[in-house]
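Engineer: I'll drop the sequence and a predicted model, then ask my questions.
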Amino acid sequence: MSETSTIAVDPNDERAQRRARRQALIDAGVNPYPIRSEVTAHAGELAERYASLEPATDTTDTYTLAGRIRAFRKQGKICFIVLEDVSGQIQLFCRVNDLPEDDWALLSKMDLGDIIQATGNVIRTRRGELSIAPSHLVMLSKSTRPLPEKFHGLTDREMRYRQRYVDLIMNPDVREVFRKRSQIVSLIRRYMEADGYMEVETPMMHAIMGGANAKPFVTHFNALDRDFYLRIATELPLKRLIVGGMERVFEIGRQFRNEGMDLTHNPEFTTMEAYCAYSDLEGMKRLTEGLFKTIAREACGCEEGHEVITYQGQRVDMSGEWRSVPLSEVASEAVGEPVDMDTPVERLRQLCEANGIEWEESWGSGKLLFTLYDELGESTLVNPTFVCDYPEEVSPLSKRKDEDPRLTDRFELVICGHEYANAFSELNDPVDQAGRFAEQVAAKGFGDDEAMGYDYDYVRALEYGMPPAGGIGYGIDRMVMLFCDQPAIRDVLLFPQMKPEVVTRADIASQLPDRTDNAAAEADALLDDAENGASAEAGREAKVAKLQSGLTREQAFDLLKKYNEDDFHIKHGETLEGLMRHYAEKYDPENVDFWGQVGLLHDLDWEKWQDDQLHTVKTAELLAEAGADPYLAHAIQTHNSDVNTDLPKPEAKMEKVLFACDELSGLIQAAARVRPSGSVTDMPLKSLKKKFKDKRFAAGCDRDVIRMGAELNGLELDDLLAEVLDAMKAIAPVGDIYAKGDEAEGSAE
């Protein structure tokens, strides 16, 4: 390889240095991303095959390997490279006399993280290291971004989930989790097929929501010009197949529920549902015990009859026959007194209130009893337990029990306080099913957005006759968590759902080539596309009209001064105006002025009336008198909805931002006041976090309201603190009301 001149590059910019080496390869006629590659062996395979090879021994056995450079050390005429492939690592012992001149020169263009191909003989060095002595090297993929030095542990967890590809490179234990996940899913398929079940596939989009109580995602089907739900369960299509004569069916697939994210929930997740004609709940228990014990033996190495694993420090014994217990019995143990379907509703409500559990007037005994179990009892169960006899009120698709029609023939499998399976003796009476669907639709009328719709076709299918059947659904992700001893669902999902990443124009620009051969968008357009994604598509479908407040900024400011004489209240309005304008530039640039007036006037009535219930109510009257658009008052009123529940709740992004910034900006200003500079501009995030945790500091700033603001905006609390602090710094000197000027030095931590 001929040497070429190198363009001057900042020696401290590693990415720029790597891009320069990439370009140097291209300039020298070397394609750093060739089409062809070859692999004749893997590192792990050679380690096993040559385990007995003595030190200081050369062989004539030649192999070609490919992988990523994980370590690189060059010493004169020798170079040591640690090459990693899917099976493990092996050393490349590169010697100048063994390599062609161009291949030796190629070593100077290599970096950690590059993917290369090496052909050579197997040797074992004098120090006993099994190695390949390359006679030929090929660059397969030039890495232009350096690998992190450390990428493991809690502090990097957010980045690990977002950049799973780096997580897999850096952490072999993570790769092992996903290898084991694949093994578990394969075991499930083999077990079900061996038991006579046939795997099927059913639609992902449903015209009617059914099969579970959950809030769905909605998408629009252009060809039919109607909305569809992404499926929340596969139950109803699979039971149609039981009607059609397929006696044993199962499906492994994704479900989508438009709900929160926590340690055990992700909006999209994997389940396995199975249905067996001429079976019942007992059949589903035996199926479940057998499946879980098989996984424990095959994936976790347990011995038959001693299927014991450890999950997050808890010993879980799966051997023997698993316990079955009525739901009411678990609830009774949890509340400390006997409760069941005969317990008066008033007493069940009292027990809910005594334990801090919210309830609704429309709930009957069944829903109240279930809620007590769900909130208090489920978490107490460690070893596998079939919790049975669920109230009909919370089981719209299960058969009623003959001995007590208020209960259903249903169980949930609970292990370590979490649900792993849900099973029914399936309801096959079309008249009963139609009535239960009708009850679900009525529940929608009471505001239950998780209730099912009326599925006419499913009832029609039952009218043709469905044999008695047992059915069950398993949460595959939770099963993987259990058998891989992982604490969170994100640890077993390759690409868990994350809040949108903040990407800057500079980030985009740093990835672009200096030129392209075809027409290409500029960095600003690319940033907009990367930042907004699906939201941008929706925006193009329906442009939002420009908002007009009906007031000029001068009129709005005069109105603020008319009802507020205290300079602090005026400055607080200006602070919120600055913050709202700052966020509008990001989220709604067409309406920056409107967002600004919402911030400026959000506390218009506070100084004069100072009444929690009247707050923003009087503002609406004052704005109406001034001729403002009613939406201006509506947006402002949402930030007091937590106090006055008659007011509208924050729904639009503008309203959510106002709610989040109002209370938090006050805390930030209070924290700035005790700094030597009195300014937000030199305040580190850790200082704000300390002040937030200290409830004695600025006690008037409601921490719960700040937490609600984070939740409303889909942010973790720490992320909200960082984001609003950065925004306060960005709008300074607006909002920097206690700044003392350049004479203040130092910091107060």
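Structural biologist: Received the coordinates, thanks. Quick caveat, the model's predicted, so the values are computed rather than measured. Numbers count the residues shown, from 1 in each chain.
Engineer: element containing V249?
Structural biologist: Using DSSP states H and E, V249 maps to strand 248-256.
Engineer: In that strand, which residues are buried?
Structural biologist: 248-253, 255-256 (16 or more other CB atoms under 10 Å). C-betas here are computed from N, CA, C, even on glycine.
Engineer: what do you get for stretch 706-717?
Structural biologist: Of the residues in stretch 706-717, those buried (16+ other CB under 10 Å) are 706, 708-710, 712-713, 715.
Engineer: Stretch 17-26 too?
Structural biologist: For stretch 17-26, the neighbour count (16+ other CB under 10 Å) marks 17-25 as buried.
Engineer: Let me know how buried the residue nearest to E247 when sequence neighbours are not counted is, in neighbour terms.
Structural biologist: Leaving aside its chain neighbours, E247 sits nearest to A277 (4.2 Å; criterion: CB to CB, 6 or more residues apart in numbering). Using other CB atoms under 10 Å as the criterion, A277 is surrounded by 20 other residues.
Engineer: cool, and D566?
Structural biologist: Close neighbours of D566, defined as other CB under 10 Å, add up to 10.
Engineer: picking that back up, hmm, V243 and the residue nearest to E247 touching each other?
Structural biologist: No - here A277 does not reach V243: they are 9.5 Å apart, not a contact under CB atoms under 8 Å.
Engineer: Below-threshold pLDDT in this protein: ranges please.
Structural biologist: 1-7, 151-156, 444-450, 519, 531-545, 741-749 (pLDDT under 70).
Engineer: Which residue, other than its chain neighbours, is closest to the residue positioned nearest the centre of it?
Structural biologist: Residue closest to the average C-alpha location in the chain (CA atoms, centre = their mean): Q497, at 3.1 Å. In space, and not counting its chain neighbours, Q497 is closest to P267: 5.2 Å by CB to CB, 6+ apart.
Engineer: try N428
Structural biologist: Of all residues not flanking N428 in the chain, M466 sits nearest, at 4.1 Å (CB to CB, 6+ apart).
Engineer: List phi and psi for the one you found.
Structural biologist: In terms of degrees, to the nearest 10, the main-chain angles of M466 are phi -110, psi 130.
Engineer: Among the buried residues of stretch 706-717, find me the one that's closest to F568.
Structural biologist: I706 (19.8 Å; CB to CB).
Engineer: Can you list the buried residues in the helix or strand harbouring D593?
Structural biologist: Element membership of D593, judged by DSSP H and E, is helix 592-600. Across helix 592-600, burial judged by 16+ other CB under 10 Å covers 593-600.
Engineer: Please render those residues as a markdown table that adds distance to E392 to the earlier fields.
Structural biologist: As requested, these are exported to a markdown table (distance: CB to CB, whole Å):
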| residue | distance to E392 |
| --- | --- |
| D593 | 55 |
| F594 | 50 |
| W595 | 49 |
| G596 | 54 |
| Q597 | 53 |
| V598 | 48 |
| G599 | 51 |
| L600 | 54 |
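Engineer: for the chain, which helix is longest?
Structural biologist: Longest helix in the chain, counting residues (DSSP state H): helix 172-194.
Engineer: what residues does it touch?
Structural biologist: Outside helix 172-194, the residues that touch it by CB atoms under 8 Å, 6 or more residues apart in numbering are 160, 167-168, 199, 250, 252, 272, 274, 290-291, 294-295, 298-299, 474, 476, 479-480, 483-484, 486, 491-492, 494.
Engineer: Which positions in it come out as buried?
Structural biologist: Those would be 174, 177-178, 180-181, 184-185, 187-188, 191-192, for helix 172-194 by 16+ other CB under 10 Å.
Engineer: picking that back up, tell me, how many residues neighbour the residue nearest to N428?
Structural biologist: The local packing of M466 (other CB under 10 Å) involves 21 other residues.
Engineer: just checking, it touches L241?
Structural biologist: No - contact criterion CB under 8 Å: M466 and L241 do not qualify, at 10.0 Å.
Engineer: Please spell out which residues along stretch 716-731 are buried.
Structural biologist: Within stretch 716-731, the residues that count as buried by 16+ other CB under 10 Å are 720-721, 723-725, 727-729, 731.
Engineer: Quickly name whichever of the residues you listed is closest to P146.
Structural biologist: Taking CB to CB as the measure, P146 lies nearest E723 of these, at 27.4 Å.
Engineer: now that closest one, nearest residue through space, not along the chain?
Structural biologist: L715 (7.0 Å).
Engineer: show me what contacts the residue nearest to N428?
Structural biologist: M466 touches 239, 242-243, 426, 428, counting by CB under 8 Å, 6+ apart.
Engineer: Now V96. Its backbone dihedrals?
Structural biologist: Dihedral pair for V96: phi -60, psi -30, per degrees, to the nearest 10.
Engineer: cool, and D702?
Structural biologist: Torsion angles, degrees, to the nearest 10, at D702: phi -70, psi 110.
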